[in-house]
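1. Predicted structure and sequence below. I'll ask about it afterward.
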Amino acid sequence: MTRGACTSASPPDGVVHERGGAGRLARLYCLARMGLGASVLAAPSGARVWLGDDVDRPVVQWLSRSLGIRDLVIGLGGYRALRRGEDAGPWLRAAAATDAMDAAAAALVVKRLPKPGGALMVGAAAAGAAVGFALAGRGGRSPAAR
């Protein structure tokens, strides 16, 4: 059981409590993903630090917006599940998996990406994957779901 969690009715193992630190972290993780997704969707040129001048190419703007909507939807799904007391684990695992793939894909071309943006992108995506998998491993259900 996580610190700060409800002590009534024992939840299944690995459940994140909304009032506990892990539940707050999961909500913040989802909100950050929503914010990043919305910002890239609205202004793909904001990714210039990571992508360099290629960000002005139409195909890069299209792909950036596609990734932006992906992150917005995954973040929104996870946040909504947590707020409703539903299992957010699938959303958190999806977020972590996409971050892991983003890190791996960026690592393959990091030497051709702008410095230090490329390395920052690899590090940020890897950190996002680690946090997401850690949170998903704890469940993702709030006390209302019990």
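-> Right, received. Where do you want to start?

2. and the nearest residue to residue 102 once chain neighbours are set aside, what does it touch?
-> Closest residue in space to residue 102, ignoring its immediate chain neighbours: residue 125 at 4.1 Å, by C-beta to C-beta, 6 or more residues apart in numbering. Just so you know, the C-beta spots here come from the backbone N, C-alpha and C atoms, and that holds for glycine as well. For residue 125, the contact set (C-beta atoms under 8 Å, 6 or more residues apart in numbering) comprises 99, 100, 102, 103, 106.

3. quick one: what helix or strand has the fourth one in it?
-> If you go by DSSP states H and E, residue 103 is part of helix 89-109.

4. for residue 79, same thing?
-> Under the criterion of DSSP H and E, residue 79 resides in helix 58-84.

5. which secondary structure elements does that helix contact?
-> Applying 3 or more C-beta pairs under 8 Å, 6 or more residues apart in numbering; DSSP states H and E, one finds that helix 58-84 contacts helix 21-42, helix 89-109.

6. Show me what counts as buried in it.
-> Under the neighbour-count criterion of 16 or more other C-beta atoms under 10 Å, helix 58-84 has 60-61, 64-65, 67-68, 70-72, 74-79, 81-82 buried.

7. Equivalent analysis for stretch 44-60, please.
-> For stretch 44-60, the neighbour count (16+ other C-beta under 10 Å) marks 44, 47, 50, 51, 52, 55, 60 as buried.

8. If you drop the residues flanking it in sequence, what lies closest to the fifth one?
-> Put plainly, it is residue 52. Once flanking residues are discounted, residue 52 sits nearest to residue 114: 4.1 Å by C-beta to C-beta, 6+ apart.

9. mind listing what the residue lying closest to residue 36 once chain neighbours are set aside touches?
-> Once flanking residues are discounted, residue 36 sits nearest to residue 71: 5.6 Å by C-beta to C-beta, 6+ apart. Residues in contact with residue 71 (C-beta under 8 Å, 6+ apart) are 33, 34, 36, 37, 40, 95, 98.
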